[in-house]
Each structure stands twice: as C-alpha cells, then as structure tokens.
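A.B. asks: mind folding the following:
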Amino acid sequence: MSYRLTCYLIGIMALGLLASTPVLAAQSPWYGGANVSFNSGFSGFGGSTGFDVYGGYLLPGHVWRFKPAVEVGYDHYGSMTETDLGGTGFTGVLSGHDIAASAIFTYAIMPRLGAYLRAGLADVSLTYTLSGYGSSASASASGINFLFGIGVNYRITPQIGVHAEYRNTGASLSGLSGAMNSFVLGATYRF
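C.D. replies: Model prediction:
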C-alpha cells in the first residue's frame, strides 16, 4: 500500500472515530456533495469542464469566528487542448485529476449565507499527450501540491445547500508548471 493511500485511510478512520462519540453523533456533522468545475491555468491550453465529489465533517466550536470543517474529495479536471503548437502542426492534450484533503473555515454573513476559505493538499496526477503527423507521445507525473479556495455558500434548507468557489491547485509536469485555476459550482447535502 502506498504512503499516500495509507495517510488517506488514517484520516478517514480518524474522522470516523470523531463521529462515533455520543455528543458529536447527535449533531449530524457529516455532509457530501458534487461540483462541476470550469478549469484553466496553463498558458496556451484551452479551458475544460470537470467534476468532483466530496465528503466532509463539521468540527465542533469556532476558530476566530469561523466554523471549521475537514473535507476530502476527488476532482477530475477534464481535458485541455493546445492546437498547432508553435505552428508545428502538433496538438497537445493535458488531462488530470486529484485526491484532495482540505480544512474549510466558514463565516456566517447571515443565517443562511456564508463565506469560506479553503486550504489543503492535493495529490495531483497529470497526463500530457502530444500528437501529430500520425504519431503520438505521452508523459505522466504526479505529486502533492497546495490547494487554496475562497467561496460563498447558501443553505436552501437545513440539509441542502449550494455554493460557488474559486479554487487554485498547484500542478506541474515535465517542465510545464503552474496552477489549475477552477471556478466551481456545486451542491451539498448534510446527512
């Protein structure tokens, strides 16, 4: 088992232990949801549409008037294309995904409306394929990168909410480095 997978499993088990305490279990702190993301960030590449699914746990208490939560998720970036590279006739396609763990701090602006900050780490995997004139070549890379986000959320009902977020995830591949910039729209269900 890889080191990263072991860390993810330990984190999920720790969240399960927190939820099993009688005081926390009665408060229904678990939530999950899905997003659609509109991605860009690497010079020369067109944008892409992706998706992500996630689950989280609302922690008890407040930190500097912010309500904390922890969240894990899977993000798929879709495929970004760069056509006619430098006038050579070659086409490049960049695709990727990540598994991310984040801390989220939400500040209640009004009873149903909040603003939040996200900070975490993402295990990013990228694949770059170059093709043209009947041939193609691919390169892949993965690594742990920082992830930051800022967004707003709105609770439609006590269980259902919607949100919009700007997210920046660091990424690099064989000399191609930068960040995946995403505008995220999604929905959350609190169990």
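A.B. asks: show me where pLDDT drops low in this protein?
C.D. replies: Regions of the chain meeting the criterion pLDDT under 70 cover residues 1-27, 173-177.
A.B. asks: which parts of it are strands?
C.D. replies: With strands called from DSSP state E, the chain shows them at 30-40, 48-58, 67-82, 91-108, 113-132, 135-155, 160-173, 176-190.
A.B. asks: buried residues of stretch 171-190, list them for me.
C.D. replies: For stretch 171-190, the neighbour count (16 or more other C-beta atoms under 10 Å) marks A171, L173, L176, A179, M180, N181, S182, V184, G186, T188, R190 as buried. Where C-beta positions appear, they are placed from N, C-alpha and C, glycine not excepted.
A.B. asks: quick check: the farthest pair among the residues you listed?
C.D. replies: L176 and R190 (39.0 Å; C-beta to C-beta).
A.B. asks: do I have it right that Y77 meets S37?
C.D. replies: Yes - if you go by C-beta atoms under 8 Å, Y77 and S37 touch, sitting 7.5 Å apart.
A.B. asks: okay, those two: which has more neighbours?
C.D. replies: Just comparing Y77 and S37: by other C-beta atoms under 10 Å the higher neighbour count belongs to Y77, 25 against 22.
A.B. asks: picking that back up, what touches both of Y77 and S37?
C.D. replies: Common contacts of Y77 and S37, defined by C-beta atoms under 8 Å, 6 or more residues apart in numbering, comprise G50, S182.
A.B. asks: so what's the spatially most central residue of the chain bridging to?
C.D. replies: In the chain, the centroid-proximal residue (C-alpha atoms, centre = their mean) is D75; its distance is 5.2 Å. Counting by DSSP bridges, D75 is bridged to D52, D98.
A.B. asks: now do the contacts for it.
C.D. replies: Applying C-beta under 8 Å, 6+ apart to D75 gives the contacts S37, G50, F51, D52, H97, D98, I99, A100, A122, T169, S182.
A.B. asks: what is the burial count for the third one?
C.D. replies: Going back to what we said before, that points to F51. Neighbours of F51 (other C-beta under 10 Å): 16.
A.B. asks: I'd say L94 and G44 touch.
C.D. replies: No - judged on C-beta under 8 Å, L94 makes no contact with G44 at a distance of 9.7 Å.
A.B. asks: anything in contact with each of these two?
C.D. replies: In contact with both L94 and G44: E82, using C-beta under 8 Å, 6+ apart.
A.B. asks: neighbour count winner among these two?
C.D. replies: With neighbours defined as other C-beta under 10 Å, L94 and G44 compare such that L94 has more, 25 against 13.
A.B. asks: mind checking how far the more buried one is from T81?
C.D. replies: Using C-beta to C-beta, to the nearest Å, we find L94 at a distance of 8 Å from T81.
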